[in-house]
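> Everything below, folded, please.
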Amino acid sequence: MCGINGIFSVDRKIAQVEIVQRMNNALAHRGPDGEGIYSSDHVVLGHRRLAIIDLSDAAKEPMYSFDKQNVLVFNGEIYNFRQIKAELHDYHYSNQSDSEAILAAYDKWGTRCVNMLNGMFAFAIYNAKNHSLFVARDRIGIKPLYYYYDGRTFIFSSEIRAILQSDLVKKKLNKKSLVDYLRYQTVHAPETIIENIKMLEPGYFIELSISGEKLNFEKQCYWDLFSININKDITRYEANEGVKSLLLKSVEDRMISDVPFGAFLSGGIDSTSIVALMSEVSTVPVNTFTITFDEKQYSEAKYARQVAKLYNTNHHDIRLKIVDFLNMLPSALLAMDHPSGDGPNTNVVSKVTKEAGITMALSGLGGDELFAGYDLFKRIKNFSKFQFINFQPLFLRKAEAKLLQLLNRSVSSDKIAQLMQLQNWSMPNTYPIVRQTLMDYEISNILNVSIVPNVVEQVCNNFFDSNSSDYFSQISKAEIYTYMQNVLLRDTDYMSMSHALEVRVPFLDFELVEFVLSIPDELKNPVTPKKLLVDAMGKLLPTEIVNRQKMGFVFPWEHWIRNELQEYCETRIVRLANRSFINSVNLLNLWHRYLKGDKRVNWSRIWHLVVLENWMENNSIED
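Coordinates of the predicted model:
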């Protein structure tokens, strides 16, 4: 796990070591164990190292192929590196790292090497003979890769802020992305919040080569969720056995490490499943970590202790007060590489885990998205039963929507009112509204920017099959491609790496993802919480854990923003109101409505606006 940077340009004056050194310095938090730079006529590659596998200097990067023709910088982990090395046994290896397996695979298969890799990765390989650059990102999007390309120069990095430190890209807000951000508390790949900086989509690679005074650029998709089809022939037994064996293999693969590691343990179904399987594989007690609070309503300590006792783990019960979390909040927001409505929770967990001496941890992230763990799975599937509403005249539905909003002033009634005005209650139409934070009419009031097409709606239209009755897999695809990849995974990466902690996610092994998404609804219907996963785990999951109330890592944001954080939030809301792209009157009105307790303005409709202004200030971003 590391941080990578690079510049590839037809202009030798742009590809300078001192520029990439600045970029490397901006990623020092990601790689405290060393750094390196490679430089040639048109390219400079930079690397910051967090040593996880093969801690020797032989595994440092940039790493050269045995013939010195290819140079690699790599962020992530390749879990099947031993198998690749065994298959490509004729390659002249010089170390025990997983990085060198990428060089061997590229030497053998070229760009097709990405199809052979199982892991989380973002890497770049420069071919000194052909003067070409190959960059790639993993299938699920666990590791990020940002880039700038103008036809003559290509700049890439693990973080946006490192690209900005090059001083080759203007710190200019991408106003076209503002609507997306206000809708969903994030900006969906390939766009970012910064003009001209893109995010390489999961399952894509880019090839670049010099052609005269231009830089040829070809981007290609090598894997996507949309091609996964439902297997109607699978039996319940085969589904359970398949989930269990694939998850066990995934956990075992992700326990390969040359540094101390452990697991986040909340005592929920997902984290308990991971710890249970780790305990089956490990010959020594597993290190587990739980953040607990004196305030019982926010603490999952008793469930975590129960699991720790059952599996005889070396348990770390890290006790905090709610005020401790508040005190850590400013530093958590400083760690943000891209504004988001989420993230501080992960920062706090990562900080205390790293301080306990752990460099790598396994997480249960992805379990909800794969196994229909959110209420919205049932809610959106139930919407299909309301197709009769389409037969009502539109004017009547609009009148009913307004009446509902008058009688029940709440965020949910606002969303129902929007749904009632739809021409069709199919999944591509309902899912984007259910997931939205601010509705389009509210965004129009706040922004002096034209409303753009809904990215999430476009994603849903790409894969929704109107003839299929298997809603859960389609909702899972939407969750993975939007919320999980662009909020959860991105936030987890920069928040954990701000403390040089590597987080591995066994539920997101691509073979497990493909298998679960191919299982029909009748075998994964969550009549009880995450039924398919629970059935697959069998006796490994205690009944008390399966039947406990789902909590999540939730804090009293509603209370904080009106009290302890009010001054902090108001200062930033007022500054945001003075931005050129904001309608100041309407934004301040939204803020005052929140303070007065208007139930149609909850904390999540305010917080991401506070974060946006805070991020722009911290990074000196122009309007």
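
> May I have the secondary structure class of residue 140?
Counting by DSSP: H, G, I helix; E, B strand; the rest coil, the backbone at residue 140 sits in coil.

> Just give the number of residues close to it.
23 (other Cβ atoms under 10 Å). The way it works is simple: take the backbone N, C-alpha and C, and place the C-beta from them, glycine included.

> In contact with it: list those residues for me.
Neighbour list for residue 140: 120, 202-203, 480, 485, 489, 508, 510, 513 [criterion: Cβ atoms under 8 Å, 6 or more residues apart in numbering].

> isn't residue 55 right next to residue 259, touching?
Yes - taking contacts as Cβ atoms under 8 Å, residue 55 lies within contact range of residue 259: 7.3 Å.

> Now do the same contact list for residue 432.
Taking Cβ under 8 Å, 6+ apart, we find residue 432 in contact with 454, 456-457, 460.

> Quick check: which element contains it?
Of the helices and strands defined by DSSP states H and E, residue 432 is found in helix 427-435.

> any idea which helix or strand comes after that helix?
For helix 427-435, the succeeding helix or strand toward the C-terminus, using DSSP H and E, is helix 440-446.

> Please identify the buried residues of that next one?
Neighbour counts over helix 440-446 (16 or more other Cβ atoms under 10 Å) mark 442-444, 446 as buried.

> from the middle of its chain, how far away would it be?
Taking the mean of its C-alpha atoms, helix 440-446 sits 27 Å from the chain's own mean (Cα atoms, centre = their mean, to the nearest Å).

> Can you spell out which helices and strands pack onto that helix?
With contacts defined as 3 or more Cβ pairs under 8 Å, 6 or more residues apart in numbering; DSSP states H and E, the packing partners of helix 440-446 are helix 175-184, helix 584-595.

> tell me the mean pLDDT for the shortest one?
I take that to be helix 175-184. Taken as a whole, helix 175-184 has an average pLDDT of 96.

> From the contact counts, what lies against it?
Here helix 175-184 touches helix 440-446, helix 455-463, helix 604-618, going by 3+ Cβ pairs under 8 Å, 6+ apart.

> go again using 7 Å as the cut-off
Applying 3 or more Cβ pairs under 7 Å, 6 or more residues apart in numbering; DSSP states H and E, one finds that helix 175-184 contacts helix 440-446.

> And the pLDDT for residue 384?
pLDDT, residue 384: 69.

> Which of the contacts of residue 432 are buried? Put it as a ChimeraX command.
Applying 16+ other Cβ under 10 Å to the contacts of residue 432, the buried members can be selected in ChimeraX as follows:
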select :454,456,460
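
> Same list, the helices and strands packed on helix 440-446, but as JSON lines with mean neighbour count and distance to residue 608 please.
Listed next are the helices and strands packed on helix 440-446 as JSON lines, based on neighbours: other Cβ atoms under 10 Å; distance: least, Cβ to Cβ, whole Å:
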{"stretch": "helix 175-184", "mean neighbour count": "21", "distance to residue 608": "7"}
{"stretch": "helix 584-595", "mean neighbour count": "17", "distance to residue 608": "12"}
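
> which residues touch the longest helix seen in the chain?
Determined from DSSP state H, the single longest helix within the chain is helix 236-253. With contact meaning Cβ atoms under 7 Å, 6 or more residues apart in numbering, helix 236-253 is reached by 79, 274, 277-278, 281, 506, 509, 511-512, 515-516, 519, 523, 532-533, 535-537.

> what's the answer for stretch 275-289, then?
By Cβ under 7 Å, 6+ apart, the residues outside stretch 275-289 that reach it are 247-248, 251-252, 255, 261-265, 307-308, 311-316, 318, 353, 356, 358, 361-362, 537, 540-541.

> Next: stretch 359-370.
The contact list for stretch 359-370 (Cβ under 7 Å, 6+ apart) reads 52, 254, 257, 259-264, 269-271, 274, 278, 289, 353, 373-374, 476, 479-480, 484, 488, 492, 501-508, 513, 516, 530, 533.

> Check stretch 80-100 too.
With Cβ under 7 Å, 6+ apart as the test, stretch 80-100 has contacts from 53-54, 56, 58-59, 61, 63, 66, 72, 74, 77-78, 101, 104-105, 107-108, 116, 118.

> which among those residues end up buried?
For the contacts of stretch 80-100, buried by 16+ other Cβ under 10 Å: 53-54, 59, 61, 63, 72, 74, 77-78, 101, 104-105, 107, 116, 118.

> tell me which of those residues is nearest to residue 344?
Comparing those against residue 344 with Cβ to Cβ places residue 77 closest, at 25.4 Å.

> what stretches of the chain score poorly on pLDDT?
Counting by pLDDT under 70, the ranges of the chain that qualify are 1, 294-299, 384-391, 394-396, 399-401, 403-407, 550-555.

> hmm, try it at 80
Residue ranges of the chain with pLDDT under 80: 1, 292-301, 322, 382-414, 416-421, 423-426, 463-469, 548-556.

> what residue lies at the spatial centre of it?
Centroid check for the chain by Cα atoms, centre = their mean gives residue 489 as the closest residue, at 1.6 Å.

> Figure out the helix or strand that that residue lives in.
In this structure, residue 489 is located in helix 489-497 according to DSSP H and E.

> tell me what that helix is packed against?
Applying 3+ Cβ pairs under 7 Å, 6+ apart, we find helix 489-497 packed against helix 344-355.

> Repeat the analysis, applying 10 Å as the threshold.
Contacts defined by 3 or more Cβ pairs under 10 Å, 6 or more residues apart in numbering; DSSP states H and E place helix 489-497 against strand 70-78, strand 119-127, helix 344-355, strand 502-504.

> Now do the shortest one: distance to the chain's middle.
Right, strand 502-504. 12 Å.

> hey, where'd the strands end up in the stretch 101-250 of the chain?
Per DSSP state E, counting those that start in this stretch, the stretch 101-250 of the chain carries strands over the ranges 119-127, 132-137, 146-149, 153-157, 197-199, 204-211, 214-221.

> could you dump the first one to PDB, C-alpha only?
As requested, the backbone C-alpha atoms of strand 119-127 are provided in PDB (Å, rounded to 0.1, in the frame of the first residue of the first chain):
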ATOM      1  CA  GLY A 119      -6.400  -7.600  -5.700                       C
ATOM      2  CA  MET A 120      -6.800  -3.900  -5.100                       C
ATOM      3  CA  PHE A 121      -4.500  -1.800  -7.200                       C
ATOM      4  CA  ALA A 122      -3.600   1.300  -9.100                       C
ATOM      5  CA  PHE A 123      -0.300   1.200 -10.900                       C
ATOM      6  CA  ALA A 124       1.700   2.700 -13.800                       C
ATOM      7  CA  ILE A 125       4.300   1.000 -15.900                       C
ATOM      8  CA  TYR A 126       6.700   2.900 -18.200                       C
ATOM      9  CA  ASN A 127       8.200   1.100 -21.100                       C
END
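
> which residues do residue 55 and residue 259 both contact?
By the contact definition Cβ atoms under 10 Å, 6 or more residues apart in numbering, residue 55 and residue 259 are jointly contacted by residue 33.

> Tell me how many other residues crowd residue 568.
Using other Cβ under 10 Å, residue 568 has 17 other residues around it.

> What is whichever strand or helix holds it packed up against?
Using DSSP H and E, residue 568 falls within helix 566-577. On a contact count with 3+ Cβ pairs under 10 Å, 6+ apart, helix 566-577 meets helix 322-334, helix 557-562, helix 584-595, helix 604-618.

> Okay, angle between it and helix 584-595 too, please.
For helix 566-577 against helix 584-595, the angle by axes from the mean of the first three to the mean of the last three Cα atoms, to 10 degrees is 160 degrees.

> how big is the angle separating helix 566-577 from helix 604-618?
Helix 566-577 and helix 604-618 are oriented at 70 degrees to each other (the same axes, to 10 degrees).
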